[in-house]
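Colleague: After the sequence you'll find the predicted model.
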Amino acid sequence: MNCADNAHNMSDEIPKLYLIFMTKEALKFFAYSLQRFKASRKFADRHDFNKFLHSLTRSNYGDLSLKLLVAFISKVYFPHVSAFNSVISYFCNLGFPGSAQKLINLMPKLGCLPDIVSYNSLIDGYLRNADVGDACFMMRKVCSGLMNVRPDLVTFNAMFNGFCKVGTVEELLVYMSLMWKVCVPNVVTYGILVDTYCKMNNVNMAYRVFKDMKSSGVFPNLQIFTSLIDGYCKAGELEVALGLYLDMRRNSVFPNVVTYSALIDGFCKRGMLEKTAYLFSRMLEDGVEPNIVVYTSMIDGEFKKKNVDNALKYLSRMHDQGIRLDVTAYGLWGYCVWAMQYE
């Protein structure tokens, strides 16, 4: 194992060690706080309470966090809403939005009202479980004003992202019109919309969103360019995709392996190997390592043009890079060997 491997392993271990340390510190803090209360009837600082409670939830001790929260409340301690939000987020991330909902319903009785962060976590939790009905019900309650909160951009982004994943476009359009009345979309919002339309094979609508975003002064990021490039490649509009690629480079947004995979696969399927060779070369110049998708596309493209030697060169390069053949690549390897026998 070399120094680079050691450094990488250490960087992986540091967050784990930090969480273990913070968990121990949190347990010491809560034990000390309870002893202090028994001795002087005084509670610990709210900021410290929230910090250490959050440390426990981050370390997957959400159940313990909830028990501690209830224990302190029973002693007439009134925690900040962020303490509850840590536990709510924990349950939602685990896939138990129902438990989070029960805690939110209980909060007013415990002397604390939920805020928009509480409801954002809950809505996101429901959508993670593809529970669009409950998510929309909560969203309607938030928008009604009866909960003493107003939806923000995080709320709408959670809704749009959830709708994108489950494919409920009608609801997305309804809430998109509502969003414009409440807040201004950011790059995350536009990214979700562009990706959604591209996955629906509606690249024209995706490009309209792209243009609206730029005219609003929000510049597209790597993910948005990549989604749009992939959409146009799949639609067979390769010159438009290449134009977007050049546009992103001009604006110092540098493509990653996903961007190059989409372009190379698109041009290979059309047999435009000069373009794929150019893109492969630029990819290496950018310091982007080709993946199995790129190599498989290149090998397939070369083989279909009966350029067996070139296909074998890509296979050899892939092997040298330490990339294992998948089922598709194994099949292409077999074709190459077969073709060599009959040349």
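Modeller: Sure thing, it's come through. Residues are numbered from 1 along each chain as shown.
Colleague: Now residue 145: phi and psi?
Modeller: phi 90, psi -10 (degrees, to the nearest 10).
Colleague: Could you give the number of residues near it?
Modeller: By the criterion of other C-beta atoms under 10 Å, residue 145 has 9 neighbours. Backbone N, C-alpha and C define where each C-beta goes, glycine included.
Colleague: Equivalent analysis for residue 253, please.
Modeller: By other C-beta under 10 Å, 18 other residues sit near residue 253.
Colleague: measure it to residue 207 for me?
Modeller: Distance, residue 253 to residue 207, by C-beta to C-beta, to the nearest Å: 17 Å.
Colleague: Then residue 73?
Modeller: 53 Å.
Colleague: which one of the two has more residues nearby?
Modeller: Neighbours per residue (other C-beta under 10 Å) separate residue 73 from residue 207, with residue 207 holding more: 19 against 16.
Colleague: Find me the pLDDT at the more buried one, would you?
Modeller: pLDDT for residue 207: 96.
Colleague: what's the answer for the one 4 residues further on, then?
Modeller: What the model reports as pLDDT for residue 211 is 95.
Colleague: helix or strand for it, which one?
Modeller: Assigned by DSSP states H and E, residue 211 falls within helix 203-215.
Colleague: again, but for residue 278
Modeller: Per DSSP H and E, residue 278 falls inside helix 273-285.
Colleague: Can you give me the buried ones in that helix?
Modeller: 273, 275, 276, 277, 279, 280, 283 (16 or more other C-beta atoms under 10 Å).
Colleague: Between which two of those residues is the distance greatest?
Modeller: 273 and 283 (14.8 Å; C-beta to C-beta).
Colleague: For residue 259, give its distance to residue 282.
Modeller: Per C-beta to C-beta, residue 259 is found 11 Å from residue 282.
Colleague: Can you name the residues in contact with stretch 160-168?
Modeller: For stretch 160-168, contacts defined as C-beta atoms under 8 Å, 6 or more residues apart in numbering pick out 123-124, 126-128, 130, 132, 135, 169, 171-172, 175-176, 189, 192-193, 195-196, 199.
Colleague: If we use 7 Å, what do you get?
Modeller: For stretch 160-168, contacts defined as C-beta atoms under 7 Å, 6 or more residues apart in numbering pick out 127, 130, 132, 135, 169, 171, 172, 189, 192, 193, 195, 196.
Colleague: Burial check on the fourth one, number of neighbours?
Modeller: For residue 135, the number of neighbouring residues by other C-beta under 10 Å comes to 26.
Colleague: Could you pull out the buried residues of stretch 285-298?
Modeller: For stretch 285-298, burial by neighbour count (16+ other C-beta under 10 Å) applies to 288, 290, 292, 293, 294, 295, 296, 297, 298.
Colleague: Now do the SS call for the first one.
Modeller: Secondary structure, DSSP: H, G, I helix; E, B strand; the rest coil: residue 288 is coil.
Colleague: isn't it right up against residue 260?
Modeller: Yes - proximity of residue 288 to residue 260 meets the contact threshold set by C-beta atoms under 7 Å, at 6.2 Å.
Colleague: how about the buried residues of helix 273-285 in CSV, adding pLDDT and distance to residue 67?
Modeller: Shown next, in CSV, are the buried residues of helix 273-285 (pLDDT from 0 to 100; distance: C-beta to C-beta, whole Å):
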residue, pLDDT, distance to residue 67
273, 93, 64
275, 94, 61
276, 94, 59
277, 93, 62
279, 96, 56
280, 95, 57
283, 95, 53
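Colleague: Skipping adjacent residues, who's closest to residue 193 in space?
Modeller: Excluding the flanking residues, the one nearest residue 193 by C-beta to C-beta, 6 or more residues apart in numbering is residue 209, at 4.8 Å.
Colleague: In this structure the one you found contacts residue 190, no?
Modeller: Yes - Residue 209 lies in contact with residue 190 (C-beta under 7 Å); the separation is 6.1 Å.
Colleague: Kindly list the main-chain dihedrals of residue 96?
Modeller: The phi/psi pair for residue 96 (degrees, to the nearest 10) is phi -120, psi 60.
Colleague: and the residue lying closest to it once chain neighbours are set aside, what does it touch?
Modeller: Closest residue in space to residue 96, ignoring its immediate chain neighbours: residue 125 at 7.7 Å, by C-beta to C-beta, 6+ apart. With contact taken as C-beta under 7 Å, 6+ apart, residue 125 is in contact with 92, 97, 100.
Colleague: does residue 115 really touch residue 150, like I thought?
Modeller: No - using C-beta under 7 Å, residue 115 is not in contact with residue 150, being 10.4 Å away.
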